[in-house]
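**Q** just coords:
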């Protein structure tokens, strides 16, 4: 419902939102709109947003976009460490931090932790994968 202009959506008349996803005038009843915003547990926008004309507007007060999804079901704030406030250095998908191991087989590398902050390979500058040797 708009055009991309310099990396931002420029909405056509009658539409608004970051992706021009919300109509300025809604022809749905409040009841019908709310029905369209309910997730599989019958909760409007997963309790993490508001319903705008049958579409969920997720609560991202800091404008960080960490709460998203059709029903605001994904919350990447769960990938932020409570103590250090660092975000997952792997890939955060729908609130789950997945660490990237160097070896695609996952046999070695040992990157772990809530935000992938632990890298056991740091114990030795050169890891000998044949002897599985860390720290001599």
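**A** Great, that's in hand. On a predicted model such as this, the values are computed, not experimentally measured, just so you know.
**Q** do I have it right that residue 55 meets residue 28?
**A** No: here residue 55 lies out of contact with residue 28, judged by Cβ atoms under 8 Å, at a distance of 10.1 Å. For every residue, glycine as well, the C-beta is placed using N, CA and C.
**Q** need the overlap of contacts for those two.
**A** Residues touching both residue 55 and residue 28 (Cβ atoms under 8 Å, 6 or more residues apart in numbering) are residue 36.
**Q** higher neighbour count, these two?
**A** Neighbours were counted for residue 55 and for residue 28 using other Cβ atoms under 10 Å; residue 55 has more, 19 against 14.
**Q** quick check, pLDDT for the most centrally placed residue in the chain.
**A** Geometric centre of the chain, nearest residue: residue 76, 4.1 Å, by Cα atoms, centre = their mean. Predicted confidence (pLDDT) at residue 76: the value is 86.
**Q** dihedrals phi and psi, it?
**A** phi -80, psi 0 (degrees, to the nearest 10).
**Q** pLDDT at the nearest residue to it once chain neighbours are set aside, what is it?
**A** Counting by Cβ to Cβ, 6 or more residues apart in numbering, residue 66 is the residue found nearest to residue 76 once chain neighbours are left out, at 4.2 Å. On pLDDT, residue 66 comes in at 85.
**Q** now swap in residue 21 and tell me
**A** Reported pLDDT for residue 21: 87.
**Q** does it touch residue 55 like I think?
**A** Yes: counting by Cβ under 8 Å, residue 21 touches residue 55, with 5.8 Å between them.
**Q** how much space between residue 70 and residue 38?
**A** Taking Cβ to Cβ, to the nearest Å as the measure, residue 70 falls 11 Å from residue 38.
**Q** can you name every helix or strand that the host helix or strand of residue 57 contacts?
**A** When elements are assigned from DSSP states H and E, residue 57 belongs to strand 55-58. Strand 55-58 sits against strand 49-52, with contacts defined as 3 or more Cβ pairs under 8 Å, 6 or more residues apart in numbering; DSSP states H and E.
**Q** what's the strand it packs on in contact with?
**A** Contacts for strand 49-52 (Cβ under 8 Å, 6+ apart): 17, 22, 26, 33-34, 36-37, 44-45, 56-59, 67, 72.
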